[in-house]
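Chemist: build the 3D model from these lines:
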Amino acid sequence: MKKAIDVKINVKPIFSNVVHTAIWEGPCRVGTVEELSPEYEQRVGREQVRVWVEVLKKNLAGCANVLEPAYIEYTESFYIPDESFDVLKDDLDEVDIFLISYRLPGLERLGKPISMINNGPAPVDLGAFYSETGTEFYFGHDYEEYNEILSLLQVRKAIRSTKLLVLTACEQFPVSVNSSNPDLYGLNRMYGIRSARRSIKDVFDVMKNLDCEEKISEEADRLMAGAGKANITKEWISSDLRYKEAVKVMMESLGCNAFTTACKELCATRLPMANKCTPCLTHAMLKDSGIPTACEEDLNVWMAVMVMMYLSKKSVFMGNPSLVHAHRRPVEDLGMTTLLDGPAEGFDEDVLEIRHAVPSLKLEGFDQPDMPYDIGHFTYAGWGAKIQVNMAAGSTRAVTIGRFSRDGKRMMVTRGEIVGCSLRDIECSPAVYYRVEGGAREFRHALAEGGYGHHLAVIYGDYTNKLKALGKIVGFTVEHHR
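Modeler: From the prediction side, this is the model:
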């Protein structure tokens, strides 16, 4: 499967060199006779492009591919003939962004974003010009700043490379998420996201024809061996892994690299009961492999999961937001059974609870070790595997919480702090408790009144400013609740 998160930005360096037609000095030109000669300027320019590209390859971020550099000369007439741009034809379709060394009049007509790394006046001048004439332009004062820009452009490219498999009951929107965006075509027009809609029942037909029992058995053994506690049988973990493999087969056959499915409608078919599986483990494991997923066919939270995953390179927790009143005991009063972290007698203030059965093991980063975990079961009968993670035991308690609006044009974000975590043996778990900027009550009101809705996506760390910068590049508005 070609994962969108793995795409790279193709940077095309263009070194432009003014080679004067004669030797003279003036108000914008000084030098020795040798330095002012056309032959010297041409020779130095060709050497400079070689050195420049070597430095680029050493300093550009890993999310970038440096394409073959182009060298373009023009005279003091500052006119560049059309044929001078022919050197860009061979790989023009591959180019995501041009990186120029200096002004290159006429480049904008090729319709590609243009960029510079420059501390002088040129990028300020060009930026003003291009912003008024509709050309996409970025500049960094140094490699650190420029690489940050490339990382945001990489996220945009990843979004445009995403195709979502929607296993649906074919209603306009799922019954459990009235606020979910019903307009998949609109998401394609706005962001380039493609999709394939299929019946929630189709995956069970695929499950019947799977031929990977040995692989499933080995994966079940690995999950059980890695768990601190496995309160479920291998047989029923294997049932959930069959569902996951069937989803992956459907994704491969349809060219998809993202996933969501209805939940209440799926439950009503009784097919999960017949096959002894729930989608929870599938969501957790797909996210750990860099594939954005969301429960309950909720496209608003799926958008947030996708954007936050691509940006942070971390797996994402999602769940239902509830208000926990001050001084209410998180365990007995709220239906949980095991308090892992937090005050047993309750919090001194109202806090936000986010609860679902889809935490992941790569919450601290895809390049980081797995979070410690248990494996539990969703049903009283003992089937329906779910990963259980104490999210209060991460390396940080700071988080970013977000969700997209129903129209897909806006994203609500806020900063949070984990203040507790609890589990229960059945149903959705863990429940994670957060202190959020602006207050939990006010945040919930803002989600309702702003047209956002209920499921929320959560990542470790503060990404609010990066999300604002990303929104400007991708084309969505970020509303920071605080």
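
Chemist: and the residue nearest to Ala61 when sequence neighbours are not counted, what element?
Modeler: In this structure, Ala61 finds its nearest non-sequential neighbour in Asn147, 4.0 Å apart by Cβ to Cβ, 6 or more residues apart in numbering. C-beta coordinates here come from the backbone N, C-alpha and C atoms, glycine included. Counting by DSSP states H and E, the secondary-structure element that holds Asn147 is helix 143-160.

Chemist: what ranges of the protein fall below the confidence cut-off?
Modeler: Counting by pLDDT under 70, the chain contains no low-confidence residues.

Chemist: ok, the biggest strand by length in the chain: who's next to it in the sheet?
Modeler: Using DSSP state E to define each element, the chain has its longest strand at strand 410-423. Based on DSSP bridges, the strands next to strand 410-423 in the sheet, each with its direction, are strand 338-341 (antiparallel), strand 398-404 (antiparallel), strand 431-436 (antiparallel), strand 477-480 (parallel).

Chemist: what helices or strands is the helix or strand hosting Glu353 leaning on?
Modeler: For Glu353, the enclosing helix or strand under DSSP H and E is strand 351-355. Under the contact criterion of 3 or more Cβ pairs under 8 Å, 6 or more residues apart in numbering; DSSP states H and E, the helices and strands touching strand 351-355 comprise strand 317-324, strand 410-423, strand 431-436, helix 440-449.

Chemist: for those, which one ends up most surrounded?
Modeler: For the helices and strands packed on strand 351-355, ranked by mean neighbour count under the definition mean count of other Cβ atoms under 10 Å, the leader is strand 431-436 at a mean of 25.

Chemist: that one: how far from the chain's middle?
Modeler: Distance of strand 431-436 from its chain centroid, counting by Cα atoms, centre = their mean, to the nearest Å, is 22 Å.

Chemist: and the contacts of it?
Modeler: Contacts of strand 431-436 from elsewhere in the structure, counted by Cβ atoms under 8 Å, 6 or more residues apart in numbering, are 317, 319, 324, 330, 334, 336, 342, 347, 349, 351-355, 391-392, 399, 401, 414-424, 440, 443, 458, 481.

Chemist: quick revisit: export the strands paired with strand 410-423 to JSON lines and tack on distance to Glu47?
Modeler: Output for the strands paired with strand 410-423, formatted as JSON lines (distance: least, Cβ to Cβ, whole Å):
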{"stretch": "strand 338-341", "distance to Glu47": "61"}
{"stretch": "strand 398-404", "distance to Glu47": "46"}
{"stretch": "strand 431-436", "distance to Glu47": "56"}
{"stretch": "strand 477-480", "distance to Glu47": "45"}
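
Chemist: closest to Glu297 out of those?
Modeler: Of all the strands paired with strand 410-423, the one in closest proximity to Glu297, counting by Cβ to Cβ, is strand 398-404 (14.1 Å).

Chemist: and the angle from the closest one to helix 440-449?
Modeler: Taking axes from the mean of the first three to the mean of the last three Cα atoms, to 10 degrees, one finds strand 398-404 and helix 440-449 inclined to each other by 20 degrees.

Chemist: in strand 398-404, which residues are buried?
Modeler: The neighbour-count check on strand 398-404 (16 or more other Cβ atoms under 10 Å) flags Val399, Thr400, Ile401, Gly402, Arg403, Phe404 as buried.

Chemist: what does it contact?
Modeler: Taking Cβ under 8 Å, 6+ apart as the criterion, the residues outside strand 398-404 that touch it are 181, 299-301, 303-304, 307-308, 352, 354, 410-418, 434, 436, 447, 452-453, 455-464, 467, 476.

Chemist: how much space between Asn65 and Glu148?
Modeler: Relative to Glu148, Asn65 is positioned 17 Å away (criterion: Cβ to Cβ, to the nearest Å).

Chemist: hang on, I meant Ala294
Modeler: Distance from Ala294 to Glu148, by Cβ to Cβ: 27 Å.

Chemist: ok, now Tyr138?
Modeler: Spatial separation of Tyr138 from Glu148 under the definition Cβ to Cβ is 10 Å.

Chemist: between these two, tell me which one has more neighbours.
Modeler: For Tyr138 and Glu148, the more surrounded residue by other Cβ atoms under 10 Å is Tyr138, and the numbers stand at 21 against 14.

Chemist: for the protein, what spans make up the helices?
Modeler: Along the chain, counting by DSSP state H, helices occupy 38-59, 122-133, 143-160, 184-191, 202-208, 213-226, 234-254, 264-268, 271-275, 280-288, 299-312, 440-449, 464-474.

Chemist: specify the angle between the first one and helix 143-160 in degrees.
Modeler: With the same axes, to 10 degrees as the basis, helix 38-59 and helix 143-160 are set at 70 degrees to each other.

Chemist: measure Met336 to Arg424 for me?
Modeler: Using Cβ to Cβ, Met336 is found at 5 Å from Arg424.

Chemist: I meant to write Asp142 there.
Modeler: According to Cβ to Cβ, Asp142 stands 50 Å off from Arg424.

Chemist: what about Pro430, how many residues nearby?
Modeler: When neighbours are counted by other Cβ under 10 Å, Pro430 comes out with 29.

Chemist: let me see the contact set for Glu73.
Modeler: Contacts of Glu73 (Cβ under 8 Å, 6+ apart): Ser16, Asn17, Val18, Val19, Gln42, Gly45, Ser84.

Chemist: about what we covered before: just the helices of the chain: most buried one?
Modeler: Across the helices of the chain, averaging neighbours per residue (mean count of other Cβ under 10 Å) puts helix 299-312 on top, at a mean of 27.

Chemist: tell me the angle it makes with helix 143-160.
Modeler: Calculated by the same axes, to 10 degrees, helix 299-312 forms an angle of 150 degrees with helix 143-160.

Chemist: tell me the buried residues in stretch 159-168?
Modeler: Buried positions in stretch 159-168, judged by neighbour count with 16+ other Cβ under 10 Å: Ile159, Ser161, Thr162, Lys163, Leu164, Leu165, Val166, Leu167, Thr168.

Chemist: if we look at it, which residues are touching it?
Modeler: When contacts are taken as Cβ under 8 Å, 6+ apart, the neighbours of stretch 159-168 outside the stretch itself are 2, 4, 7, 174, 184, 191-200, 202-203, 247, 250-251, 254-262, 265-266, 292, 297, 302, 306-307, 310, 474.

Chemist: quick check, Tyr71 in contact with Asn17.
Modeler: Yes: shown here, Tyr71 and Asn17 form a contact pair, counting by Cβ atoms under 8 Å, at 7.0 Å.

Chemist: who touches both of these two?
Modeler: In terms of Cβ under 8 Å, 6+ apart, Tyr71 and Asn17 are both contacted by the residues Gly45, Arg46, Val49.
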